[in-house]
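*Asks:* A structural model of the following input is requested.
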Amino acid sequence: MQEPRRSERLAGKAIKTDASPPKLARKRKSQQKIESKGKICSSSSSVLPLLLGAHVSIGGGLHNAVHNAIEIGATAFGLFLRSQRQWQSKPLADETVDAFTRACVQHGFEGGRAILPHGSYLLNLGSPDESTLAKSRDALVEEMTRCERLGIGLYNFHPGSTCGKISIDECIRRIAESLNLALSKTRRVVAVIENMSGQGHTIGGDFREIRRVIDLVQDKSRVGVCLDTCHAFAAGYDISCARGYDEMMDDFQKFIGFEYLRGVHLNDSKAGVGSHLDRHENIGRGKIGREGFRRIVNDVRLRGIPMILETPMTMDDEDEILLLRSLVEDQ
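*Replies:* Purely as a prediction, here's the structure:
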């Protein structure tokens, strides 16, 4: 499973201050880019807005994620809610909650529907190991409770893996059981299952596996799906061409349904189609290519849904967002 590397590398750039907005970590690339952002953000199109952003750092405090998103011209963002390298974490302080919610209100992110947190990579909600399964379930409840307190309506996670020790059926049952447990202990927050690349023994490389999880979830109003472009490409959908993109979207509707689509991870792929390798690349520099992403940003079915970059730091988030916006044809 590939981590959104930008989050860890940006941590050193975060401004460690109180809840007031930090100074910009770097100057804008040019006045032309600033003007371009303004035109896009103020679009009067009757279509739902294009919500573009990146996975940003929480260094210096959760509230800095909001300021970091604004700095790169984002209208949506992803973040970790705590350290994703360890099971245990410090309780979420009231002061942290207040600072985050104030920043969201200040910058128009209140309501939390344009914010897509990423769950810990330690989670395996279908684990065959009872100890790992118990810790994963505890962490799921804890992170969804954080979302609830922070006013965030979505929580994205990788579903889990059989580890080659149990059947797919049993793993799917355990994932759904984990979700039912977490949903019974939290309120409002939607659990968003991410499609996978089919690497190893992971669940979710096939849309039908995700549908089977959803079928076992009791409260279907609180379950959704995040569509990762790199994962879908690696799983076998050649979204670099129109035919492959249409096939992916047709299958998503057929097996899952667009009513469950709550987020998109925008990642190009270093590996080829059907490789089952989760290797993210910057937009336009991988096997999917610019034309593949042109189709995505112009698909009106994806408007109003947070679309989050998780690409390598070899290209600035700001530049990738501008690149994606430049591909939009209805400006």
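*Asks:* all contacts plus neighbour counts: C-alpha atoms, from now on.
*Replies:* Will do.
*Asks:* hang on, residue 111 in a strand?
*Replies:* No. Counting by DSSP: H, G, I helix; E, B strand; the rest coil, residue 111 is not part of a strand but coil.
*Asks:* The closest residue in space to residue 112 that isn't next to it in sequence: what's it in contact with?
*Replies:* Closest residue in space to residue 112, ignoring its immediate chain neighbours: residue 152 at 4.1 Å, by Cα to Cα, 6 or more residues apart in numbering. Residue 152 sits next to 111, 112, 113, 115, 116, 189 when contact means Cα atoms under 8 Å, 6 or more residues apart in numbering.
*Asks:* I'd guessed the third one sits against residue 155; true?
*Replies:* Same thing as residue 113. No. The pair residue 113 / residue 155 is not scored as a contact, 10.2 Å apart, by Cα atoms under 8 Å.
*Asks:* Mind checking which of those two has more residues around it?
*Replies:* residue 155 (29 against 17; other Cα atoms under 10 Å).
*Asks:* Specify the beta-bridge partners of the more buried one.
*Replies:* When bridges are called by DSSP bridges, residue 155 pairs up with residue 191.
*Asks:* Check what pLDDT residue 84 gets.
*Replies:* On the pLDDT scale, residue 84 is placed at 83.
*Asks:* OK, contacts around it?
*Replies:* 119, 120, 121, 122.
*Asks:* what secondary structure does it sit in?
*Replies:* coil.
*Asks:* coming back round to it: how close does the residue nearest to residue 112 sit to residue 281?
*Replies:* 28 Å (Cα to Cα, to the nearest Å).
*Asks:* contacting residues around the longest helix anywhere in the chain?
*Replies:* Taking DSSP state H as the criterion, the chain has its longest helix at helix 130-150. The contact list for helix 130-150 (Cα under 8 Å, 6+ apart) reads 81, 87, 92, 97, 100-101, 119, 122-127, 153-155, 178, 181-183, 185-189.
*Asks:* swap in stretch 267-276?
*Replies:* Contacts to stretch 267-276, defined as Cα under 8 Å, 6+ apart, come from residues 197-199, 228-231, 233-238, 277-289, 309-311.
*Asks:* Among those, name the ones in helices.
*Replies:* Going by DSSP H, the helices hold 229, 230, 231, 233, 234, 235, 289 from those.
*Asks:* Helices of the chain, start to end?
*Replies:* So, for the chain - with DSSP H - the helices run 5-10, 31-41, 63-71, 94-106, 130-150, 168-185, 207-216, 229-235, 242-255, 289-297, 317-326.
*Asks:* From residue 231, how far off is the residue nearest to residue 124 when sequence neighbours are not counted?
*Replies:* Leaving aside its sequence neighbours, residue 124 sits nearest to residue 160 (Cα to Cα, 6+ apart; 4.4 Å). Noted for residue 160: a distance of 14 Å to residue 231, by Cα to Cα.
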